[in-house]
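# model the following, please.
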Amino acid sequence: MGWLGNPWYPGSGLWIGRASEEGRHADVGAEQVLKSALGDVGWQATRKLATIPSTAGVPDPKPLSLPGRGQTVVVDAGPRHAPAVILLHSVACTGLLTWYPALERLAKNHRVVVFDQRWHGQGIRSHEFSLEDCADDVAAVADALGIGEFMVAGYSMGGMVGQLAAHRFPDRVTGLVLCSTASNFRRGLRQRVALDLFGRTLHLLRDQARIGLVPGEPRRERLARLEDHRWALEEFRSTSPWAIAVALDEIGRFDSTPWLHTLDLPAAVVVTSRDGFIAPAHQRSLARRIPGAATYEIPAGHTACVFAADQFVAALMAACTSVQAAIAGQERIADSA
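Below you'll find the model as predicted:
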């Protein structure tokens, strides 16, 4: 997920400047990718001044040291004895930027852990970046917080890390919710072009996005909106262009298809059916490859976690509820054996 839009980013007030001839050509490529990614409805929304979910009450992350690995920041919310769910964010984002619209509802019945993955935001700084290291970081975060078993929910890149975590730690990952992701990103030419342009677009918009003014907007609403956007842009810009490029290269090489069918745990997949970055067909294929996985579809693009938050959070809650129910059922059977 990135802050995408031209000239207004959906969510309003984020204006994409055109500072140079090179920038104008890049904007054209970005616009085509965005039209594909967001779908007709999502693209039309970029012409309006919709709002992003309010950031009021979003908790401040706390530093967390992971012995032998480095330091990240974490939000640990919800009842301590409730089932734990670790949330894994998208490329070019932070944990909170991807998941903040869902935190309050998830934390009512779960212990919710969200952290910045390595090379993103305030995540671990290391010499190299790999999705396998990101998956190992998930277990390390759980260890540092005293969590033995946990469910994983991942969005986009986070979904790929979640698949790896479930594969590498089958005795600890009890359930899996995968959102707007796939088992393999670069299976077709369209996907490869989308991935390459996605990276260029993120770099362009990271540097040129700025907060715009809404004519006639009441002062109170304007101040609240500006505060939301300042926070969001600060989160987005906390990941360097170099880190984004390396992460996208890793995503391009990811392929879980040889072992995905071996995962033996309750799972659900949230499909963004108007997604042009990760094709809906590939998202559905992911669900079919995991035995017994449930599927929840929403008519939204790749930025649904924030810009179609009402739809996404509802689907996420349904997915988490179904997975948690299946986990509870397995535990009852084990207890009665």
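# and the strands in the protein?
For the chain, applying DSSP state E gives strands covering 8-9, 14-16, 62-66, 70-77, 84-88, 111-115, 150-155, 173-179, 209-211, 267-272, 294-298.
# tell me the mean pLDDT for stretch 98-108?
Mean pLDDT, stretch 98-108: 97.
# got the CA coordinates for that stretch in PDB?
In PDB, the C-alpha atoms belonging to stretch 98-108 read as follows (Å, rounded to 0.1, in the frame of the first residue of the first chain):
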ATOM      1  CA  THR A  98      -1.500  -0.300   7.300                       C
ATOM      2  CA  TRP A  99      -3.500  -1.400  10.300                       C
ATOM      3  CA  TYR A 100      -4.600   1.600  12.400                       C
ATOM      4  CA  PRO A 101      -8.200   1.600  11.000                       C
ATOM      5  CA  ALA A 102      -8.600  -2.000  12.400                       C
ATOM      6  CA  LEU A 103      -6.900  -1.800  15.700                       C
ATOM      7  CA  GLU A 104      -9.800  -0.800  17.900                       C
ATOM      8  CA  ARG A 105     -12.100  -3.500  16.700                       C
ATOM      9  CA  LEU A 106      -9.500  -6.200  16.700                       C
ATOM     10  CA  ALA A 107      -8.300  -5.300  20.200                       C
ATOM     11  CA  LYS A 108     -11.800  -5.900  21.700                       C
END
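# can you list the buried residues in it?
By 16 or more other C-beta atoms under 10 Å, the buried positions in stretch 98-108 come out as 98-103, 106-107. C-beta here means a position set from N, CA and C on the backbone, and glycine is covered the same way.
# now render the strands of the chain as a markdown table, adding mean pLDDT and mean neighbour count.
Shown next, in a markdown table, are the strands of the chain (pLDDT from 0 to 100; neighbours: other C-beta atoms under 10 Å):
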| stretch | mean pLDDT | mean neighbour count |
| --- | --- | --- |
| strand 8-9 | 28 | 22 |
| strand 14-16 | 28 | 22 |
| strand 62-66 | 98 | 14 |
| strand 70-77 | 98 | 19 |
| strand 84-88 | 98 | 26 |
| strand 111-115 | 98 | 26 |
| strand 150-155 | 98 | 28 |
| strand 173-179 | 98 | 27 |
| strand 209-211 | 48 | 17 |
| strand 267-272 | 98 | 28 |
| strand 294-298 | 98 | 18 |
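# redo those as JSON lines? Include distance to Ala247.
Shown next, in JSON lines, are the strands of the chain (distance: least, C-beta to C-beta, whole Å):
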{"stretch": "strand 8-9", "distance to Ala247": "21"}
{"stretch": "strand 14-16", "distance to Ala247": "22"}
{"stretch": "strand 62-66", "distance to Ala247": "19"}
{"stretch": "strand 70-77", "distance to Ala247": "15"}
{"stretch": "strand 84-88", "distance to Ala247": "13"}
{"stretch": "strand 111-115", "distance to Ala247": "16"}
{"stretch": "strand 150-155", "distance to Ala247": "14"}
{"stretch": "strand 173-179", "distance to Ala247": "17"}
{"stretch": "strand 209-211", "distance to Ala247": "19"}
{"stretch": "strand 267-272", "distance to Ala247": "19"}
{"stretch": "strand 294-298", "distance to Ala247": "25"}
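# and Ala92, how far from Thr257?
Distance of Ala92 to Thr257, computed by C-beta to C-beta, to the nearest Å: 25 Å.
# more neighbours: which of these two?
Ala92 (31 against 14; other C-beta atoms under 10 Å).
# any idea how far Glu250 is from that one?
Relative to Glu250, and taking C-beta to C-beta, Ala92 is found at 13 Å.
# could you list the low-pLDDT ranges of the stretch 151-300 of the chain?
186-226 (pLDDT under 70).
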